[in-house]
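Peer 1: Below: sequence and its predicted model.
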Amino acid sequence: MCYALHTFERWAAMFSMAVWVAGLALEGLILVRAIRGRFLRKYSLFYLYLGWVFALSSVRLIIYLAEPAYYRVLYWYTQPLSVLIGCGLVWEIYRQAFRRYPGAARMARNLLLFLLLMLFSKLVVNAWNGSDWWQAESTAGLERNMRTVQGILLIALILVLAHYAIPLGRNLKGMLFGYGLFISTSVIDLTLRLLFGDSFQKSWQYLQPMFYMAALTVWGFALWSYQPAPLPVMEPNIEEDYRLLATRTRKRIFQIRTYLTKALRP
């Protein structure tokens, strides 16, 4: 029984290492393809994220092989920065989807910045109060919250695109679907890990890399060559709706300001 368990753990470790190396190979292939195809700058934030993950995963692999005791500490110290850079990927998807609609893009950018500011403020408050925010449990909670926000933003984008019938090219569809798959599985992973602790993590650590491999595979096929989004058959009225919303918002803010001025006047 002990021999069978030892054999299983050994094969599981070998499988995990193989998936790790295969993921690095796929990331490198996608980056090289973009460089050779001369469309790296077309999706600069996406490739910045992928390049960061490739470099960080390479460093983590070296540390894991050379000094395994330091791997866990390195992982949880660097993971928040990876999640933050992932927000840049979400913005890349928004920017490309609303490339022809500057008003909607401006509103999406402001919303993303506001949410990031809220999360960063929470992080600063926790650090100021002496919370051990860098520990695994606290970092996992922070990552789950940020991943959840990213997932909500992607779902909102899909609903807006469907409502206004805004077409997406193969590149953008791949970025959206691949990162959406990775985000959704990460949120499930982190939530269950916080509920059940390391007992669940030991099982999930072999499944999560497979989902990331699936996301990389989607990106590899979708971004093998440059294909911008096609023009819509009919011009959507998203900009008109944005101007209407902005006008109503400014009018409402003016009314609130006027009311407060009168209320505070002696």
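Peer 2: Received, thanks. Residues are numbered from 1 along each chain as shown.
Peer 1: Okay, now the unreliable bits of the stretch 151-266 of the chain?
Peer 2: Within the stretch 151-266 of the chain, the stretches with pLDDT under 70 are 197-205, 233-235, 239, 241-243, 245-246, 249, 254-255, 257-266.
Peer 1: Can you tell me the number of residues neighbouring residue 98?
Peer 2: Neighbourhood size, residue 98 [other Cβ atoms under 10 Å]: 23. Heads up, the C-betas are built off the backbone N, CA and C, glycines and all.
Peer 1: What's the separation between the nearest residue to it once chain neighbours are set aside and residue 121?
Peer 2: Nearest residue to residue 98, sequence neighbours excluded (Cβ to Cβ, 6 or more residues apart in numbering): residue 105, at 3.9 Å. Going from residue 105 to residue 121 by Cβ to Cβ, to the nearest Å gives 24 Å.
Peer 1: ok, back up a step: report the buried residues of the helix or strand hosting the residue nearest to residue 98.
Peer 2: Taking DSSP states H and E as the criterion, residue 105 maps to helix 102-128. Using 16 or more other Cβ atoms under 10 Å as the test for burial, helix 102-128 gives 103-105, 107-108, 112, 115-116, 119, 123.
Peer 1: Output the contacting helices and strands for it.
Peer 2: Here helix 102-128 touches helix 71-97, helix 136-164, helix 238-264, going by 3 or more Cβ pairs under 8 Å, 6 or more residues apart in numbering; DSSP states H and E.
Peer 1: how about the ones you listed in TSV, adding distance to residue 45 and mean neighbour count?
Peer 2: TSV is the format used below for the helices and strands packed on helix 102-128 (distance: least, Cβ to Cβ, whole Å; neighbours: other Cβ atoms under 10 Å):
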stretch	distance to residue 45	mean neighbour count
helix 71-97	4	18
helix 136-164	13	17
helix 238-264	22	11
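Peer 1: and those helices as JSON lines, adding distance to residue 57?
Peer 2: As requested, these are exported to JSON lines (distance: least, Cβ to Cβ, whole Å):
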{"stretch": "helix 71-97", "distance to residue 57": "10"}
{"stretch": "helix 136-164", "distance to residue 57": "16"}
{"stretch": "helix 238-264", "distance to residue 57": "38"}
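Peer 1: if we compare these, which one ends up closest to residue 180?
Peer 2: helix 136-164 (5.2 Å; Cβ to Cβ).
Peer 1: if we can go back for a sec, avg pLDDT for the helix holding residue 105?
Peer 2: Throughout helix 102-128, pLDDT has a mean value of 74.
Peer 1: and the angle from it to helix 71-97?
Peer 2: 160 degrees (axes from the mean of the first three to the mean of the last three Cα atoms, to 10 degrees).
Peer 1: mind checking how far helix 102-128 is from the chain centre?
Peer 2: With Cα atoms, centre = their mean, to the nearest Å as the basis, helix 102-128 stands 14 Å off its chain's centre.
Peer 1: same question, stretch 223-241
Peer 2: 22 Å.
Peer 1: CA atoms of that stretch as PDB?
Peer 2: Presented in PDB, the C-alpha positions along stretch 223-241 are these (Å, rounded to 0.1, in the frame of the first residue of the first chain):
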ATOM      1  CA  LEU A 223      -3.100  34.300 -31.900                       C
ATOM      2  CA  TRP A 224      -1.100  32.200 -34.400                       C
ATOM      3  CA  SER A 225      -1.500  35.100 -36.900                       C
ATOM      4  CA  TYR A 226      -2.900  38.600 -36.700                       C
ATOM      5  CA  GLN A 227      -6.600  39.000 -37.400                       C
ATOM      6  CA  PRO A 228      -8.200  42.300 -36.300                       C
ATOM      7  CA  ALA A 229     -11.900  42.600 -35.400                       C
ATOM      8  CA  PRO A 230     -14.100  42.900 -38.500                       C
ATOM      9  CA  LEU A 231     -16.400  45.900 -39.100                       C
ATOM     10  CA  PRO A 232     -19.900  45.600 -37.800                       C
ATOM     11  CA  VAL A 233     -22.700  45.100 -40.300                       C
ATOM     12  CA  MET A 234     -24.700  47.900 -38.700                       C
ATOM     13  CA  GLU A 235     -23.000  50.600 -36.700                       C
ATOM     14  CA  PRO A 236     -24.100  50.100 -33.000                       C
ATOM     15  CA  ASN A 237     -25.500  53.000 -31.000                       C
ATOM     16  CA  ILE A 238     -23.200  52.400 -28.100                       C
ATOM     17  CA  GLU A 239     -21.600  55.800 -28.400                       C
ATOM     18  CA  GLU A 240     -25.000  57.500 -28.400                       C
ATOM     19  CA  ASP A 241     -26.000  55.600 -25.300                       C
END
